[in-house]
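Chemist: structure for the following, please:
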Amino acid sequence: MGNPSSENLNVTCPCCHAKLVVDAVFGAVLSHEAPVKAGPNVDLTDAQKILAEQNRQREDKFRDSWMQETNKEDILAKKFEEAMKKAKDAPAGKPIRDFDLD
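Modeler: Numbers count the residues shown, from 1 in each chain. Take a look at the predicted model:
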């Protein structure tokens, strides 16, 4: 399996640049240290614009979800009617049993 007296491996992830300590014998990650992320580079004069944009986006999402919820019954009724039309047009076939699939 490996040398039990071997040291742990220190590895840097090529994707996210995190520092990993891996056990050489079992191949298990013993510890994970995420890289330090820099804070957003935002000017305080732009903060009001950013907050207003986020508020607008929230309102738009709420409005969309409200419209979907209020029209949900009508949409489901139309889907049901369409499925019923397809079911009437499709020929009634012999049902497939699990035994037939083998």
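Chemist: and residue 50, backbone torsions?
Modeler: Phi and psi for residue 50, reported as degrees, to the nearest 10, are phi -60, psi -40.
Chemist: for residue 25, see how far away it is.
Modeler: To residue 25, residue 50 is 50 Å away according to C-beta to C-beta, to the nearest Å. From N, CA and C alone the C-beta is placed, and that goes for glycine too.
Chemist: with residue 14 instead?
Modeler: For residue 14 relative to residue 25 (C-beta to C-beta), the value is 23 Å.
Chemist: do the same with residue 60
Modeler: 54 Å.
Chemist: okay, those two: which has more neighbours?
Modeler: residue 25 (13 against 10; other C-beta atoms under 10 Å).
Chemist: for that one, give me the pLDDT.
Modeler: As predicted, residue 25 sits at a pLDDT of 85.
Chemist: just confirm it contacts residue 8, I think it does.
Modeler: No. The criterion here is C-beta atoms under 8 Å, and residue 25 misses it with residue 8 at 9.3 Å.
Chemist: burial count for residue 24?
Modeler: Using other C-beta under 10 Å, residue 24 has 14 other residues around it.
Chemist: show me the shaky parts of the chain.
Modeler: Scanning the chain for pLDDT under 70 picks out the ranges 1-5, 102.
Chemist: can you map out the strands along it?
Modeler: Counting by DSSP state E, the chain has strands at residues 9-12, 19-22, 29-33.
Chemist: what sits up against the second one?
Modeler: It refers to strand 19-22. 8-13, 28-33, 35 (C-beta atoms under 8 Å, 6 or more residues apart in numbering).
Chemist: center of the protein, which residue is that?
Modeler: A centroid search over the chain (C-alpha atoms, centre = their mean) returns residue 61, at 18.1 Å, as the residue closest to the centre.
Chemist: that one: what's it in contact with?
Modeler: Contacts of residue 61 (C-beta under 8 Å, 6+ apart): none.
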